[in-house]
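S.K.: model the following, please.
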Amino acid sequence: MKITGLQFTGDDVLTLAMPDRQARYRALNTLLRSGTWREVVAGKTVLSVQFDPLRFASLEAVKTCLWQELNTPYELDQSSANEIEIPICCDLDLAPDLAFISDKLGLSPHAVIEKHIATSYQVDLIGFTPGFAYLEGAGWASDVPRLTRPRQSVPAGSVGLAAGQCGLYALEGPGGWPLIGRTPRRLFNPQDQNPFQLHLGQSVRFRLITRDDYRIAKANTKAKAKP
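M.R.: Below is the predicted model:
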């Protein structure tokens, strides 16, 4: 694996500099499965592990254990390997910033939607709020800035574009991403055995749906969520 640095960033945290995206995905898969670490956190170009200091004889032993696990062969998690298709409705009330995005890119709203639907994205980070996904692949939207005045509340399922990234709001909450549409799909469900619909490294494509399709899918999602 391509690792350019390794250092302790806390009494019980060891951080690896990993600029290679695929290596970071593979490492995360391995370390999450091992059961050795209290927590494993993936950043943009780094990976951090939290460990139990009482479990290791020395800090050097922590490093040795980490290297051994990273060099142990493993099978790829197919949930991350498989591409997922996410329906999206871009009607104006669900895409309040479509005109803003179009203006910044010098494209028509239709052309912006076409580019978004044609793009194959990849989940690069999950964080900020539970299930919020940062998707790589929106280089065509690199000229779209974040909103100067963030919204206090963004509906769950909202899809944003900013600075060459696509962001998916799994939960309702504050945010400053310009919104291009909304999906009726539930992206985070703490009651499920696997609460996150998206996984690090997963390929994502969006499929345009009508407002009627969105309404029906949303109603079905709510019905399934009832106890």
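S.K.: gap between the two ends of stretch 195-209?
M.R.: End-to-end distance of stretch 195-209 (CA to CA, to the nearest Å): 24 Å.
S.K.: buried residues in that stretch?
M.R.: By neighbour count on 16 or more other CB atoms under 10 Å, the buried set for stretch 195-209 is 196, 197, 198, 199, 200, 201, 202, 203, 204, 206, 209. For the C-beta atoms, the positions are set from N, CA and C on the backbone; glycine is no exception.
S.K.: kindly report the same for stretch 7-22.
M.R.: 12, 13, 14, 15, 16, 18, 21.
S.K.: could you do stretch 117-137 as well?
M.R.: 119, 121-126, 128-129, 131-137.
S.K.: the strands in this protein, which residues?
M.R.: For the chain, applying DSSP state E gives strands covering 5-10, 13-17, 39-42, 46-50, 84-88, 121-126, 133-136, 151-154, 158-162, 165-168, 173-175, 179-182, 203-208.
S.K.: out of the ones you listed, which comes closest to residue 27?
M.R.: strand 46-50 (5.6 Å; CB to CB).
S.K.: re the thing from before, closest to residue 34 among the buried residues of stretch 117-137?
M.R.: Checking the buried residues of stretch 117-137 against residue 34 by CB to CB gives residue 126 as the nearest, at 19.4 Å.
S.K.: per-domain residue ranges of this protein.
M.R.: Structurally, the chain divides into domains by automatic domain parsing as follows: 5-76, 81-225.
S.K.: low-confidence ranges in this structure?
M.R.: For the chain, the stretches with pLDDT under 70 are 1-4, 73-81, 225-227.
S.K.: which residue is nearest the middle of it?
M.R.: Closest to where the C-alpha atoms of the chain average out (CA atoms, centre = their mean) is residue 133, at 2.3 Å.
S.K.: any idea how far residue 186 is from that one?
M.R.: 13 Å (CB to CB, to the nearest Å).
S.K.: ditto for residue 157
M.R.: For residue 157 relative to residue 186 (CB to CB), the value is 8 Å.
S.K.: the more surrounded of the two?
M.R.: residue 157 (25 against 19; other CB atoms under 10 Å).
S.K.: quick one: contacts for the more buried one?
M.R.: 168, 169, 170, 182, 183, 184, 185, 186, 187 (CB atoms under 8 Å, 6 or more residues apart in numbering).
S.K.: show me what the closest residue to the first one other than its chain neighbours is bridged to.
M.R.: This means residue 168. Of all residues not flanking residue 168 in the chain, residue 133 sits nearest, at 4.4 Å (CB to CB, 6 or more residues apart in numbering). For residue 133, the beta-bridge partners under DSSP bridges are residue 126, residue 168.
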